[in-house]
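> Sharing a model that was predicted from the sequence below.
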Protein chains: 4
Amino acid sequence: MNIFEELESEVRSYSRGWPVVFDRAQGSYLYDEDGKAYLDFFAGAGALNYGHNNPALKRALIDYIARDGVTHALDMYTVAKRDFLETFKEKILQPRDLDYKVVFPGPGGANAVEAALKLARKVTGKESVINFTNAFHGMTLGALSVTGNSMKRGGAGVPLVHATPMPYDNYFDGSIPDFLYFEKLLEDSGSGLNEPAAVIVEGVQGEGGINAARIEWLKALDDLCKKHGILLILDDVQMGCGRTGPFFSFEDAGIKPDIVCLSKSIGGYGIPMALTLIRPELDVWEPGEHNGTFRGISPAFVTATEALRVYWSDDELEKSTKAKGERIAAAFQGIVEAYPDANLFAKGRGLARGIEFPNGDLAGKVCAAAFERGLLMETSGPDGEVMKVLPPLTLTEDELTKGLSIIDEAVAAVLT
Amino acid sequence: MNIFEELESEVRSYSRGWPVVFDRAQGSYLYDEDGKAYLDFFAGAGALNYGHNNPALKRALIDYIARDGVTHALDMYTVAKRDFLETFKEKILQPRDLDYKVVFPGPGGANAVEAALKLARKVTGKESVINFTNAFHGMTLGALSVTGNSMKRGGAGVPLVHATPMPYDNYFDGSIPDFLYFEKLLEDSGSGLNEPAAVIVEGVQGEGGINAARIEWLKALDDLCKKHGILLILDDVQMGCGRTGPFFSFEDAGIKPDIVCLSKSIGGYGIPMALTLIRPELDVWEPGEHNGTFRGISPAFVTATEALRVYWSDDELEKSTKAKGERIAAAFQGIVEAYPDANLFAKGRGLARGIEFPNGDLAGKVCAAAFERGLLMETSGPDGEVMKVLPPLTLTEDELTKGLSIIDEAVAAVLT
Amino acid sequence: MNIFEELESEVRSYSRGWPVVFDRAQGSYLYDEDGKAYLDFFAGAGALNYGHNNPALKRALIDYIARDGVTHALDMYTVAKRDFLETFKEKILQPRDLDYKVVFPGPGGANAVEAALKLARKVTGKESVINFTNAFHGMTLGALSVTGNSMKRGGAGVPLVHATPMPYDNYFDGSIPDFLYFEKLLEDSGSGLNEPAAVIVEGVQGEGGINAARIEWLKALDDLCKKHGILLILDDVQMGCGRTGPFFSFEDAGIKPDIVCLSKSIGGYGIPMALTLIRPELDVWEPGEHNGTFRGISPAFVTATEALRVYWSDDELEKSTKAKGERIAAAFQGIVEAYPDANLFAKGRGLARGIEFPNGDLAGKVCAAAFERGLLMETSGPDGEVMKVLPPLTLTEDELTKGLSIIDEAVAAVLT
Amino acid sequence: MNIFEELESEVRSYSRGWPVVFDRAQGSYLYDEDGKAYLDFFAGAGALNYGHNNPALKRALIDYIARDGVTHALDMYTVAKRDFLETFKEKILQPRDLDYKVVFPGPGGANAVEAALKLARKVTGKESVINFTNAFHGMTLGALSVTGNSMKRGGAGVPLVHATPMPYDNYFDGSIPDFLYFEKLLEDSGSGLNEPAAVIVEGVQGEGGINAARIEWLKALDDLCKKHGILLILDDVQMGCGRTGPFFSFEDAGIKPDIVCLSKSIGGYGIPMALTLIRPELDVWEPGEHNGTFRGISPAFVTATEALRVYWSDDELEKSTKAKGERIAAAFQGIVEAYPDANLFAKGRGLARGIEFPNGDLAGKVCAAAFERGLLMETSGPDGEVMKVLPPLTLTEDELTKGLSIIDEAVAAVLT
């Protein structure tokens, strides 16, 4: 492992908890260079909803590469992009009665967020944005300014301004009416709150600790934004593409955000790709006003298109995600109840699930114990106090059974 | 073309000048869906130094995908990353006596720049950065703040602060001593210039108009930074990976910048990848203080490694790049002299070359005329007044001959 | 009135509600150029606690001017400043067991606030400051950024950053525990709240609508700041110098803020003067690091000193202020109860008193009706919905009786 | 001197160089408490152009106070303000064909600058402002951001943004064409310079080192601003009111700035007062959008009015200022030539004069030697390297002779 420690910056993190060298991957499993298998309940932090090296996608990808389909094309017109756009329209937008226009903002989720913030500010002529406690939106300066984690914010080296945090759903355990503070500040012309261009929100906060906003909270947020002329940006980078069941995490709320950010699993195979979806009325950009080199990576379009065809032509995946999610929820609730003195709390929606421990030390030990037993999962939350699972949506019932069993053991090893 | 106009945001730009649908690509050629070939003197805006779908890289890529090598691995240890790091050390760092540590900052060049700026500010405790006139560093908020183009800056929607532009080399056509203004402001404690954490500079400005800094100017900038304790960030996103001849654009100046940004062609095949190289003493980050989803895209590591092995084991590519660059320089000088009244000016270094026209209208017409004749090239410069060519470094002499001939025709068609 | 409308900027405001030309003033009365008397329940917005042209102060002032005492002396040592410092120490600091050092920050309250914010940031190395809803701290850029009023904020022309508003006492009518939101954000490392250098607060918000913080709220705020290592800045520009009874508005809370801002009535006679009081440990400034032309206006020192001697050698003024305040409180409560359907609300502490009306229109009409009857008072609050009285602390019982009687009439004229 | 050291913040500065306690003042002299006289070539840093306790002004002031003229009146209409406005119009605006509207921005020069910057930004909708090297505009956050001195900037505690410094006249000793850099940045849409709302400039830089801009430089700056639609703010806080000869420092250039800032000597007697003069078309403020407590200090209006009547009814003062200035210039040139190896340089215009020494140590020693000999003057410039004299405009020829003689001695004492 010498070359990593010698050459790679100290900023590396995942390799510290999982100090093995991975080589191959297939479906729900990663294999290290010695061939040892690891059941992956982490799934590229949500970038691998269809599993590692999904065979259908792999076939399309190799075919495309083999036939010398153009790989890199900026924002030129390509056959691969046309296929993607047509499929995205047919499988995703039309069935949901959404008429978004599509921005290719750059390769990653932070690009999708930066483009969203830029556009919201340009359209409204206002600088200020409302974010939520424990939000995570990315590491570039614009995205970082709306992110909550103080350690990551500290890395900016400049004061992060133009954002004001509001309490996410359930921040006060239900003791305070939703949006009481936010609405009062908006309505009071002497509150000192800069009038916001936009609100940016995640349907479920993954990095923030698997906090799942209630459907009615999202609805009320949408109402609030409409009432006050504030644009609503839904960051579905991690929770979109079916992670919570439906393609978008906000579908069950029946809302249509002004701007939606997608990345991670949108490419399907783990190759960088991102989208910023915008209401047509917001499409006020001049040609090239936002650009970038990696906005037309055709291999990602190819696997993205194939993923949409295979998994989003019917509601099978949505149903199975919800069902598997319920299995995990039940199992986690069982753990919570099995350790009544441990002060555990089961959280999540769909296949974004977690158990909150009293502190990050315990949650970290459980993850370490799981790793020893061949399961990959990580912690999240401000103090790393939440054991988080984001398995591939495509995992089998047996894999799920096995994963839950390892988690049982790991929790037991730590708590007993 | 309907679906593009219907669904894609108005921000799209390249598709406007080249209104065809590309399908396949190989070497120096792109092919539209009707099979028409276009000689590509644009090369993914510098992301395709080794040509489209380079056969050696393609082979390695397909092999890797076929054997289910892990695709997406965040910053975990992988065999693919180890191969890349070892090869990068052996082929690039060691021969040049460089001891950088490597940050994987995210998928694109803007991520490399954002990480560089964050680190420079964190290390120095200062916020201010010096950039140069007509700089281009990316579209995310941090990168955009050090970018010159006013149209792109206008897209930010917030005031872009913490950066002060200084004149790039030759900004006053040699009439002012280098760094006169910059040095005076630094030395005058009453100048009002915020003490800078860093200077960020491109070895050759591509988007800014193919402005090639003289070797002695880069040396003097390095001296100035050392003298004043300012970190030097060399953004080699577009001009690195051999574009100007040597692997790094700053090699001939004999300098060792504190931080180097690489992206675009570092992946070799057009799949997103970026590096931020930092002097070991600057590696003060905490684990995870800067992170991101797309920092471990193994297919890009595989093609990156193969590209280093094939093209950077000897100095053949560097020599041929310089030789071909001289051919273009001579040809462009010939054009300049052929139209003595047209006020043209040949610019560039290595295979980053351009002809400056009196205005953007003329340069744009020449590019359009070239497109009609089957050649892709674009304009750059603040008013699009520079006809820019960035051909694959791997183009053949015949392809070069053909391209120069089309350019001759296109210029003639516009100017006569 | 021609010359005013012709030459003075449209930004003028008080002259719009009181369109007469004032000439002389004495005690609680202003006289217009026709000799008509106006009972002044506005008192220079709190700058004339000892009444207009207070005879004792006037005598000292004329003596000083007549004997050619130095008028303008920047921060040189002067006899006048020495007298002031000695008297301030003897009459104010020592009896209250306060060991502040004194900064002369410039002529007005905004200077006192700017100096406070600068120092708090310099000492802590943090930029962010917590202010409160409906705060008013001044019109210069630093002071404005912590001020709530959106119309005034809009005048800045740059985004106002580095400040986050928290709910002032009673913002939710007691329905939410004090500091619930603030404390949660501070304790949650993922909240996204920038770690604050300081909290800035008024003991009673005058411009914000005569909102009087409860003693226990101020105490709890002080505890919170201590617990989290946040500096507490108490802006007593309007509410200090006895306005609420004791010299400082925070005395009854038994707290000792880290920094205190004084201005308005500190000079005693209406001549500009301001102080920033700082805990000795915070005195980290270099000589001249904060300076300004009008920091040593000796006539103001002379009247300030005399005012301290006359009014703060015993507790007579404090007692009478509280007693008169109670009279007003009772009278205002009587008005509230006399119009049970009008939805009025009596507010305030000491001689800062108000009646909140359902809207600014009604409150404005009451002030206009009072003006017609020879009483000056203005509205405050975000929508001008609070009828505000700040009479001289020195007003007589008869003057108070008369003023209350006019207010009764004015309210009746508007509400019946 | 105990109470000062005990109670006053370390930020105090003038008292360090002049460690005596001043008591009285008259004309060109200050007297310490032991009766020792000091000839004042500092004049309140330019606030006492008419000398200390000018008899004519003193008489008007005492009369006004004695008759209980209203002292403090915010922005109400008063007889004192009417007199001032009428006189200012008659004596200053009309004879110079200026049609400014008058803002009373607060008590001091920083308020005048803050109001100017706010208005320029509000009118143009742009945030960025151009300031000049070694500018001094004040200590509040907005004013400080356009001030050059790095020590004072360091006191802000937040990054000072929205301002870009350009070289003041003669910054490169005439080696660079005027405005070469500024104009190039403005005209190059890729320069990275944020489009400026305004330029703020002093006619002569006092604190910056007695740098007198040439008339043609000011003219050219005015042309440049007009050409590019940039508002020109002339900060005449220190150099207005006749300091350079004419009432405004810019008169000889024949320009009419969009906004003019006045303070210091406008009140005449040293009592705080400030004006922001604005072109009528810029008067877009809403009532009360910029306000403040000390904007209607009638005693200052009274002395200001009297000063205008006495000194600006004819051109006697202007002529004598210029003549005395020439005397100083000649004397200083004599000193420069008397010490040919000392590398001295005489600077200034009107009665703002200086000698630049090779370093601050020498200049400081000369000022100290002068103080020992009964003359008050201070250093200025980024390193305190300029011995600066700002005598009262009203000083007699004998006083001037005496002062110059002391300066001769002081220089000799240090240099020989």
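Nice, I can see it.
> Identify the bridge partners of A:I355.
A:A346, A:M387 (DSSP bridges).
> Report the contact partners of it.
With contact set as CB atoms under 8 Å, 6 or more residues apart in numbering or on different chains, A:I355 has these partners: A:332, A:335-336, A:344-347, A:363, A:366, A:386-387, A:411. (C-beta placed from N, C-alpha, C; glycine too.)
> same check, this time on A:P159
A:P159 touches B:127, C:127-128, C:161-162, C:194, D:158-159, counting by CB under 8 Å, 6+ apart.
> Distance check, it against C:L144.
17 Å (CB to CB, to the nearest Å).
> cool, A:N54 as well?
Taking CB to CB, one finds A:N54 at 56 Å from C:L144.
> Ok, A:V70 next?
In terms of CB to CB, A:V70 sits 54 Å off from C:L144.
> A:K256 now?
38 Å.
> Could you check which of the two has the larger neighbour count?
C:L144 (27 against 18; other CB atoms under 10 Å in any protein chain shown).
> doesn't C:K152 make contact with the more buried one?
Yes: taking contacts as CB atoms under 8 Å, C:L144 lies within contact range of C:K152: 6.6 Å.
> which intervals of the stretch 101-250 of chain A have sub-threshold pLDDT?
The model of the stretch 101-250 of chain A has no residue with pLDDT under 70.
> how about the residues of it near chain C?
For the stretch 101-250 of chain A, the residues in contact with chain C (CB under 8 Å from any CB of the partner chain) are A:127-128, A:131-135, A:146-151, A:153, A:159-165, A:167, A:171-172, A:176, A:180-181, A:184-185, A:188-195, A:208-209.
> and the residues you listed, which of them are in helices?
The helices, defined by DSSP state H, take in A:150-151, A:153, A:180-181, A:184-185 from these.
> which of the residues you listed lies closest to chain D?
A:R153 (15.7 Å; CB to the nearest CB).
> count of neighbours near the nearest residue to that closest one once chain neighbours are set aside?
Using CB to CB, 6 or more residues apart in numbering or on different chains and skipping residues adjacent in sequence, the residue nearest A:R153 is A:L160, 5.7 Å away. Using other CB under 10 Å, the number of residues around A:L160 comes to 20.
> which ones are touching A:L160?
So A:L160 contacts A:141, A:144-145, A:153, C:194 (CB under 8 Å, 6+ apart).
> Wait, a helix at A:G364?
Yes: assessed with DSSP: H, G, I helix; E, B strand; the rest coil, A:G364 lies in a helix.
> Quick check: pLDDT value at it.
Note on A:G364: pLDDT of 98.
> shouldn't it be in contact with A:T379?
Yes: in this structure, A:G364 is within contact of A:T379 by CB under 8 Å, at 5.6 Å.
> Specify which residue of those two has the higher count of neighbours.
A:T379 (23 against 19).
> Select the longest helix from chain A.
helix A:316-338.
> what sits up against that one?
A:242-247, A:311, A:344-346, A:348-355, A:389, A:391, A:393, A:395, A:397, A:400, A:404, A:407-408, A:411.
> Could you tell me which of these are located in strands?
A:345-346, A:348-349, A:352-355, A:389 (DSSP state E).
> Can you flag the buried ones in these?
Among the ones in strands among the contacts of helix A:316-338, those classed as buried by 16 or more other CB atoms under 10 Å in any protein chain shown are A:346, A:348-349, A:352-355, A:389.
> between those, which is nearest chain B?
A:A352 (15.1 Å).
> Now for the closest one: which residues touch it?
A:46, A:204, A:206, A:210, A:212, A:238-239, A:243-244, A:325, A:388-390.
> How about A:R12?
A:4, B:75, B:104, B:287.
> quick one: the residue nearest the centre of chain A from B:T396, how far?
The residue lying closest to the centre of chain A (CA atoms, centre = their mean) is A:Q238, at 0.9 Å. In this view, A:Q238 and B:T396 are 46 Å apart by CB to CB.
> now swap in A:A300 and tell me
30 Å.
> Of those two, which one has the most company?
A:A300 (26 against 13).
> Which strand or helix spans the more buried one?
Per DSSP states H and E, A:A300 falls inside helix A:298-311.
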